[in-house]
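In: The sequence and its predicted three-dimensional model are supplied below.
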Amino acid sequence: MSIAHARIRLWTREEFARMATQGLFSPNERVELIEGEIVAMTPQGSLHMVAIMLVQGVLQRVFSAGDVVAVQLPLALGLRSMPEPDCAVLLGSARDYRDAYPTTAVLVVEVADATLQFDRIEKPSMYAAAGIGDYWVLNLVDRTLEVYRGPGPQVGAPFGRAYHSKLLVGPDERVTPLAAPGASIPVADLLP
């Protein structure tokens, strides 16, 4: 039987969580669930790591009052997705999520070098399908920030939805998060 005729088994968030708690993944194995598929996360280089720390620091200053800047923590998006974005801004306090994973974010940021294409195609479609209105890709390859907004239906998008606005912001420019309209962030502050 060729792979073209094989049925692919997709996993739910609950099954994925049980696999993790039962130790089916090694302690050092980093994986996330994307629309039912278990995806191995690319190991981080030092540039990627520093970029995450810079983004976290800037977002903590912007969203200091009553919101959480989560770093590589799960978002429960639909029945079959549990990504761990590099940074996500969650409404409320950390204790609000004691009994359940967050199901949305007001801003998601992925730092991209080796995963640039995945972060530009699959991830935005997944985040758009979840109704996340502000998605950023910190593009370390081109030293730009890609700002995706306006989620809506899109024929041909991997998960049926996409962002209808994409803005490229250079290192000498500024960006304002939708959820913090008074903030003006220099993109250079996000780049290592």
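Out: Structure's in. What do you need? Numbering: from 1, shown residues only.

In: CA only for contacts and neighbour counts going forward, please
Out: Will do.

In: burial measure for Met49, as a count.
Out: The number of residues packed around Met49, counting by other C-alpha atoms under 10 Å, is 14.

In: Is it in a helix, a strand, or coil?
Out: helix (DSSP: H, G, I helix; E, B strand; the rest coil).

In: What confidence value was assigned to it?
Out: If you check Met49, the pLDDT there is 96.

In: Check Glu110 too.
Out: The model's pLDDT for Glu110 equals 97.

In: Please name the residues that touch it.
Out: 85-87, 119, 136-138 (C-alpha atoms under 8 Å, 6 or more residues apart in numbering).

In: what do you get for Ala180?
Out: So Ala180 contacts 62-63 (C-alpha under 8 Å, 6+ apart).

In: What's the separation between the residue nearest to the spatial centre of the chain and Ile8?
Out: Nearest to the mean C-alpha position of the chain, by C-alpha atoms, centre = their mean, lies Pro85 at 3.3 Å. For Pro85, the distance to Ile8 (C-alpha to C-alpha, to the nearest Å) stands at 25 Å.

In: Next: His164.
Out: 30 Å.

In: before we move on, what about Val68?
Out: 36 Å.

In: With neighbour numbers in mind, choose between the two.
Out: Neighbour tally, Val68 and Ile8, criterion other C-alpha under 10 Å: the higher count belongs to Val68, 21 against 10.

In: after the host helix or strand of that one, next one along is what?
Out: Per DSSP states H and E, Val68 falls inside strand 67-71. Per DSSP H and E, the first helix or strand lying C-terminal to strand 67-71 is strand 87-91.

In: Just list what that following strand packs against, helices and strands only.
Out: helix 46-62, strand 67-71, strand 107-112 (3 or more C-alpha pairs under 8 Å, 6 or more residues apart in numbering; DSSP states H and E).

In: What angle do strand 67-71 and the longest one make with each other?
Out: It stands for helix 46-62. 180 degrees (axes from the mean of the first three to the mean of the last three C-alpha atoms, to 10 degrees).

In: Show me what helix 46-62 is packed against.
Out: Going by 3+ C-alpha pairs under 8 Å, 6+ apart, helix 46-62 lies up against strand 67-71, strand 87-91, strand 107-112.

In: Just give me the neighbour total for the nearest residue to Arg174 once chain neighbours are set aside.
Out: Nearest residue to Arg174 in three dimensions, chain neighbours excluded: Pro186, at 4.3 Å (C-alpha to C-alpha, 6 or more residues apart in numbering). Using other C-alpha under 10 Å, Pro186 has 17 neighbouring residues.

In: for Pro186, phi and psi?
Out: Per-residue torsions, Pro186: phi -70, psi 130 (degrees, to the nearest 10).
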